[in-house]
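**Q** Coordinates for the following, if possible.
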Amino acid sequence: MTSLKLYLITFGLLITLINSLIVISPQTQLYFFFITIFITGIPHGALDYFVASQTQLQAGNQLSLSKFLLRYLVNILAYSIIWIFFPVAALVIFILLTAFHFGEVDWPIRQNTKLDACLYTIFGLQILVFIVASHATAALPIIVQILKLSTNKASILEQANAIFNIAIITITTSILFIIVFFKKIGWTKEILISFIIQTVLLLTIIYFLPLYLAFGFYFGIWHSLLSFNLIRTHLLLPNTVIGWLQMARKALPYALAAWIGIGILIIASNKFQKDIIASNLAIIFVAIAVLTLPHLQVFTKLKHK
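**A** Have a look, this model is predicted:
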């Protein structure tokens, strides 16, 4: 386990310990969620132009900013239209994209094979399902808001409990599979042990934290900072305070544009919604979703490198 992963896991365990000792108010949980999403979650995708530009530079090409932004915005617009008219299909696409993306970042060694891609996509899907199913009561209003559902709450919670049990079984099965075949996927015993410890600790943190703290930690802290570190390496920036500040400065203008866009959507939506918190969270969720598609197209090339 890298030193960064160790620091992040330690931070997650510390939050979990604090949450078990004192009552963290729902308002404080929401503050933590919003802060992590807006400070690290969204900005880690704001470096996509620089990542794509560096990738093209390594191939001996130059990337046009205007063409990149046009292609990026077209992807966002197309996916937004799908969310408006086909929300269920859009959610399925988002789940698959997120599973692939979460898995590729968490996976210790990336092999450019179909087996490897399949394994870490399954792993990412299991993590995503575990987050939602283990916090079904809190996640339900957001899901209902996103999909505009009118359904029986008790029925959905019952299904969520079944899905949670399935998630536990499939995660255990996946770990057993990896233990048996770790050499065939290019791992050493040290990597295997480190990955198992990492996975168990992540699931423990997610399970014992409330939804907003759990998702804020996993996406806003764990996933985003690991992604930032990969981007820093790709951009040939030093692993120093100065190197990280250079990254933040590059990300700021594009992150600011995303924040303003989301803010406008939230203000406009709040005029027509009764459950403002669920509505705001749904907007942030969908905003992250529409940004994921173009971000994944850029980031996956970085991981291949």
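**Q** got the buried residues for the helix or strand where Met247 lies?
**A** Assigned by DSSP states H and E, Met247 belongs to helix 241-270. The neighbour-count check on helix 241-270 (16 or more other Cβ atoms under 10 Å) flags 244, 247-248, 250-251, 254-255, 258, 262, 266 as buried. (Glycine included, C-beta is placed from N, CA and C.)
**Q** immediately after it, which helix or strand?
**A** Helix 241-270 is succeeded, C-terminally, by helix 276-304 (DSSP H and E).
**Q** Would you pull up how far that next one lies from the middle of the chain?
**A** Centroid separation for helix 276-304 versus its chain: 8 Å, with Cα atoms, centre = their mean, to the nearest Å.
**Q** likewise stretch 174-192?
**A** That offset, for stretch 174-192, works out to 24 Å (Cα atoms, centre = their mean).
**Q** Pull up the distance across that stretch, start to finish.
**A** Terminal residues of stretch 174-192 lie 12 Å apart, using Cα to Cα, to the nearest Å.
**Q** and for that stretch, what are the contacting residues?
**A** The contact list for stretch 174-192, computed with Cβ atoms under 8 Å, 6 or more residues apart in numbering, reads 108-109, 111, 115-116, 119, 122-123, 126, 195-196, 199.
**Q** Can you redo these as TSV, where the extra columns are secondary structure, neighbour count and pLDDT?
**A** Formatted as TSV, the contacts of stretch 174-192 follow (DSSP: H, G, I helix; E, B strand; the rest coil; neighbours: other Cβ atoms under 10 Å; pLDDT from 0 to 100):
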residue	secondary structure	neighbour count	pLDDT
Pro108	coil	18	88
Ile109	coil	12	83
Gln111	coil	14	78
Leu115	helix	11	85
Asp116	helix	17	86
Leu119	helix	19	90
Ile122	helix	18	92
Phe123	helix	23	92
Gln126	helix	25	91
Phe195	helix	21	94
Ile196	helix	14	94
Thr199	helix	18	94
